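Visitor: got a sequence here, can you model it:
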Amino acid sequence: MIHCPSCAGPLRFDIESQSMACDYCHGRFDPQAIRDNTRDDAKGEQVFDTYVYICPSCGAEIATTDQNDAVGFCPYCGGASMIFDKLRRDWCPDVVIPFRVTKEQCKQAYVKEVRRHLFVSRKYRDPKLIESFRGIYMPYWNYQAQIKGGISIKADSPEISVGNNNYTTDHYKIEGQSDTTLTGFSHDASISFDDHLSEKLAPYELSGKVAFTPAYLCGFYAEVGDADARHYTQYAQDTFKAFFEDKLEESPQLEAALKPKKLKVTSYGKVPYKVNISERGLYPVWFMSYRRGNKITYATVNGQTGKVGADLPLSPLRIIIAVLALGAALFGLTALLMNVLPSIKPTTMLGLSVVFTLSGIHMMQHSLLKIVDNAVRNSEYTIKNNRSKFSERFDLSDSPVLTFLVTLGTSLSIVMYTSDGSYDHFFGTIGKFGALAGIVFIVFQHIRQSISLQQLKRMQFQGDSLLRNGIISASQSFVKVNLIAKIVLYITTAFHLIIVIKDPASFSMIYTLSIFAVAELFIYAVLHLRFQAAFAKRALPQFKKKGALYDEN
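Guide: This is a model prediction of the structure:
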């Protein structure tokens, strides 16, 4: 605890005024000018006193500078209480970014984010839950990269026609020297703080960091850093490399070398990178946890920028109601059109049902792959013992927008082909081939996705994120269900197409098959959205219980 210089009352850091506030004499003081005067040996030492609390359930630990503080529950597993462990003298971080987002602003940002997601359960808007946000300083490593030495860049000239059918391209090597220092990359240094959450909160504005003093911690908690800085060195180098190459392409020197012959950069040679740890820091995070049974979800808000990173599981009940309403509306609209427009036949309804089912499942599979891609980006995996990044191995180039446009064109073609004669033979032929081409295109997209889904099935995650491990596990389980559903889908689709081409007169069979196709889409949607509703719920964490193994400084 740091005391007021005027009345010796306890001080706290006031976010709005960015000063130390005394609630007794109402004094305001500069945090940089306040020192902990409770210790005789504090002067000149690079350590400060913290009171460490440990969770008996999961082993997580947090620290506070207030001896009288009582930690009501564990922020990581939702346990009933944190037990005081011991007074510890921690090495001072180099810098700190003070809280600038107040608790009220934090709650407003979180509520705004929840309202953006219509299918999120109302329980995540409970005022009592939102009130449980706590201010925690998370430890971070700051990195810098030194790029000093020779750089080699490969570039090609535009393709030039030589003769009738011969083309030539000239290859160039551009060499230069660089003496550059890059900064601005940081990564959390806590095993307890899931990387998936910390990356959602990034980036922090490093221009807002100041020299560390324990005064900034008054009224807040702090996480104990326990992640090895070397663990993220390669990640930092990859980030700096991408940033350096982007800046290099914009440099006047390279532009001057490329412009005369209109060269285009094809690759960068070995760049002399040397990544160092520049400093340790504490960055502000508003943290909230919601526990239900053996599952837990987290919500975090960047205490400097107000950026929200949260687990927001979808509500299965809301999803089912929405899917039922949408399915009923589409089916009713199609049935209405059949009665209003005599040219629309039952076979039209069957063809449209098949196309909508194929397209809907394709879009949901694309959503599944995007969920996994967003969750595990920049993380390493093993696929058949080959290290690879997810985004470099999975085909995510299929566009839902393009599929939607193809679906509309295919639907129009089906209407033209199955018409009772309102269109002439020429348009009927166009409709026939247009419908077949559209269905072939959508099936081809399904095949591309199947390859990616098989890779997902064989993927193993190389990381500590509990949520990422959970997403991979849930995705791989869903892939097995997905395979069965797609086999049934393809068999029934082929059967439906045969009936549409032959144009049978049995209206009852066509209506039955149409309903069956819509039911397939509905069942698949429920399975897919059930997966989405579940993957954001984490298993309760179990960190290493250190007990009395703390290092004495």
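
Visitor: okay, CA-based contacts and neighbour counts for the rest of this
Guide: Fine.

Visitor: what's next to the one helix or strand K128 maps to, contact-wise?
Guide: Using DSSP states H and E, K128 maps to helix 127-130. In this structure, residues lying in contact with helix 127-130 by CA atoms under 8 Å, 6 or more residues apart in numbering are K107, Y124, M288, Y290.

Visitor: which neighbouring elements make contact with the longest strand anywhere in the chain?
Guide: When secondary structure is assigned using DSSP state E, the longest strand within the chain turns out to be strand 134-156. Secondary structure elements in contact with strand 134-156, counted by 3 or more CA pairs under 8 Å, 6 or more residues apart in numbering; DSSP states H and E, are strand 171-188, strand 221-223, helix 233-249, strand 264-268, strand 273-292.

Visitor: direction included, what does the shortest one pair up with?
Guide: Strands adjacent to strand 221-223 in the sheet, as given by DSSP bridges, are strand 61-64 (antiparallel), strand 134-156 (parallel).

Visitor: which of the residues in the last one are buried?
Guide: This means strand 134-156. Of the residues in strand 134-156, those with enough neighbours to count as buried (16 or more other CA atoms under 10 Å) are 134-147, 151, 153-156.

Visitor: tell me the secondary structure for T492?
Guide: helix (DSSP: H, G, I helix; E, B strand; the rest coil).

Visitor: OK, contacts around it?
Guide: Shown in contact with T492 (CA under 8 Å, 6+ apart): A517.

Visitor: if you set the cut-off to 10 Å instead, what comes out?
Guide: By CA atoms under 10 Å, 6 or more residues apart in numbering, T492 lies in contact with V354, K486, I498, L513, F516, A517, E520.

Visitor: just the buried ones from those residues?
Guide: Looking at these with 16+ other CA under 10 Å, the buried ones turn out to be V354, K486, L513, F516, A517, E520.

Visitor: could you identify the most distant pair in the residues you listed?
Guide: Spatial extent of the buried ones among the contacts of T492 (CA to CA) is set by the pair K486 and L513 at 16.7 Å.

Visitor: out of the helices and strands packed on strand 134-156, which is the most enclosed?
Guide: For the helices and strands packed on strand 134-156, average neighbour numbers computed from mean count of other CA atoms under 10 Å are highest in strand 221-223, which has a mean of 23.

Visitor: R122 contacts L317, correct?
Guide: No: here R122 lies out of contact with L317, judged by CA atoms under 10 Å, at a distance of 11.5 Å.

Visitor: helices of this protein, start to end?
Guide: Under the criterion DSSP state H, the chain contains helices at 103-115, 127-130, 195-201, 233-249, 252-258, 316-340, 346-376, 390-393, 400-417, 425-457, 466-502, 507-535.

Visitor: export those helices as JSON lines, with columns for mean pLDDT.
Guide: JSON lines is the format used below for the helices of the chain (pLDDT from 0 to 100):
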{"stretch": "helix 103-115", "mean pLDDT": "92"}
{"stretch": "helix 127-130", "mean pLDDT": "86"}
{"stretch": "helix 195-201", "mean pLDDT": "83"}
{"stretch": "helix 233-249", "mean pLDDT": "80"}
{"stretch": "helix 252-258", "mean pLDDT": "79"}
{"stretch": "helix 316-340", "mean pLDDT": "69"}
{"stretch": "helix 346-376", "mean pLDDT": "73"}
{"stretch": "helix 390-393", "mean pLDDT": "44"}
{"stretch": "helix 400-417", "mean pLDDT": "79"}
{"stretch": "helix 425-457", "mean pLDDT": "78"}
{"stretch": "helix 466-502", "mean pLDDT": "72"}
{"stretch": "helix 507-535", "mean pLDDT": "71"}
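
Visitor: how about the ones you listed in CSV, adding distance to S6?
Guide: Formatted as CSV, the helices of the chain follow (distance: least, CA to CA, whole Å):
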stretch, distance to S6
helix 103-115, 28
helix 127-130, 36
helix 195-201, 38
helix 233-249, 46
helix 252-258, 58
helix 316-340, 57
helix 346-376, 51
helix 390-393, 58
helix 400-417, 65
helix 425-457, 63
helix 466-502, 48
helix 507-535, 53
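
Visitor: so for C218, which of these sits nearest?
Guide: Of all those, it is helix 103-115 that lies closest to C218, at 15.0 Å by CA to CA.

Visitor: what lies in contact with that closest one?
Guide: Surrounding helix 103-115, the residues in contact under the criterion CA under 10 Å, 6+ apart are 15, 101-102, 120-122, 124-127, 130-135, 285-287, 299-303, 305-310, 312.

Visitor: for the nearest residue to H528 once chain neighbours are set aside, give its distance to V111.
Guide: Across the structure, with CA to CA, 6 or more residues apart in numbering as the measure, the residue nearest H528 apart from its sequence neighbours is M364 (7.1 Å). Applying CA to CA, to the nearest Å, the value for M364 to V111 is 27 Å.

Visitor: sketch out the low-pLDDT regions of the stretch 151-300 of the chain for me.
Guide: Judged by pLDDT under 70, the stretch 151-300 of the chain has its weakly predicted residues at 161-167.

Visitor: show me what contacts T266?
Guide: Residues counted as contacts of T266 (CA under 10 Å, 6+ apart) are I153, K154, A155, D156, H171, Y172.

Visitor: distance to R115 added to these, as a markdown table?
Guide: Output for the contacts of T266, formatted as a markdown table (distance: CA to CA, whole Å):
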| residue | distance to R115 |
| --- | --- |
| I153 | 48 |
| K154 | 49 |
| A155 | 49 |
| D156 | 50 |
| H171 | 54 |
| Y172 | 54 |
